[in-house]
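In: How does the following fold in three dimensions:
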Amino acid sequence: MRSLTLSTLLATFLWSAPIGGVAVLVKNSPITLYEVQQEMKQSGTSATQSADNLIRKKLEQLEASEKKITVSSAEINEELARMAAQNNLSTEQFLNAMQSVRGLSEKDLRAKVEESIKGQKLYSSIAFSKMSQPSAEEENEYYQLHLDEFSRPESFEVTTYVSPSQEALAAKIADPMRHIETIESKDESIPSSKINPQLAQILNKIPNGNFGPILPNGKNGFMSFYMRDKLNVVTEHVDTLRPQIDNMIMGEKRNQVLNDYFTRLRLSADIKVLRLP
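Out: Here you go, the predicted model:
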């Protein structure tokens, strides 16, 4: 009887005055309008897509809670150290690079790492059979399909646009011929060996003749690179990359297993979309 009373009180709470702050209920666990708005801002997606992303995250959180999956500070520290070493940086240098290049504070980065580790543990708990390691043929095929990811230019020839306003940069990217007074630009040649690996990775993904993502510039402003050219591109040999390729292939397989699992879980879960921004 007491349990029924508590459930009734909870339902009353969610469906009364506070409803103005609730966008979606996932198994009676709320996703707020504020969370949807923040997801829209960070991901650049529509309200519907942002709500879908948050529903998936909420299902993962609830599933991890039901399975009593936790992540310790030591595990997060170990993963941060591994990521830093992979980029030939100390942990402190890596944290600073993520702050300046991606605008992620240490708290935000630790939260993302925790979410990633929790996802790996979730996968381990729901996988019905162990995935086989990729064969040499799979590695070679993946390598050929992703040659751009394994190629590094000697330098990036870019035009760097800087502004105190993220919206102004977005307007410039949408209409490159438009003159916006708050935006400064200059042509630069950036040697790939002189910048941190995180920024090099971002620049390498920008196709010639295109703008890259809007990034914080570390000076309370924002910047975006227009890629004019990439000089002296060198592609690493497949044999030196096999461990990295294996990890990438296994990661994709793992994500597919998780996507299939949570797609099925969502079909049976009690989800109510109340309203979106």
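In: just the strands in this structure please.
Out: Per DSSP state E, the chain carries strands over the ranges 22-26, 29-32, 151-152, 155-163, 184-191, 215-216, 222-231, 234-235, 271-273.
In: what's the nearest residue to Pro153 once chain neighbours are set aside in contact with, if anything?
Out: Spatially, and ignoring its direct neighbours in sequence, Pro153 is nearest to Lys230 (3.7 Å; C-beta to C-beta, 6 or more residues apart in numbering). Placement of C-beta: from N, CA and C, glycine included. Neighbouring residues of Lys230 by C-beta atoms under 8 Å, 6 or more residues apart in numbering: 153, 155-157, 204, 208.
In: could you say what helices and strands the helix ranked longest in the chain packs with?
Out: As assigned by DSSP state H, the longest helix anywhere in the chain is helix 238-268. Helices and strands touching helix 238-268, as assessed by 3 or more C-beta pairs under 8 Å, 6 or more residues apart in numbering; DSSP states H and E, comprise helix 47-66, helix 106-126, helix 136-145.
In: that older thread, so which of the contacts of Lys230 would you say is closest to Lys112?
Out: Among the contacts of Lys230, Asn204 lies closest to Lys112 (C-beta to C-beta), at 21.5 Å.
In: Hmm, that closest one is touching Glu154, no?
Out: No. Applying C-beta atoms under 8 Å as the test, Asn204 and Glu154 come out as separate, 11.9 Å apart.
In: out of the two, which sits in the busier spot?
Out: Between Asn204 and Glu154, counting by other C-beta atoms under 10 Å, Asn204 is the more crowded of the two (20 against 13).
In: got the contact list for that one?
Out: Contacts of Asn204 (C-beta under 8 Å, 6+ apart): 148-149, 151-153, 156, 192, 230.
In: Could you export those as CSV, including distance to Ile183 and pLDDT?
Out: Shown next, in CSV, are the contacts of Asn204 (distance: C-beta to C-beta, whole Å; pLDDT from 0 to 100):
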residue, distance to Ile183, pLDDT
Asp148, 29, 82
Glu149, 30, 84
Ser151, 30, 87
Arg152, 29, 88
Pro153, 26, 93
Phe156, 20, 96
Ser192, 25, 90
Lys230, 24, 95
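In: Run through the stretch 51-200 of the chain and note the low-pLDDT ranges.
Out: Along the stretch 51-200 of the chain, segments meeting pLDDT under 70 span 128-130.
In: before we move on, the earlier item: ranking the contacts of Asn204 by neighbours, who comes first?
Out: For the contacts of Asn204, counting by other C-beta under 10 Å, the largest number of neighbours falls to Phe156: 23 neighbours.
In: State the distance from it to Asn232.
Out: Phe156 sits 11 Å away from Asn232, going by C-beta to C-beta, to the nearest Å.
In: With Leu267 instead?
Out: As judged by C-beta to C-beta, Leu267 and Asn232 stand 51 Å apart.
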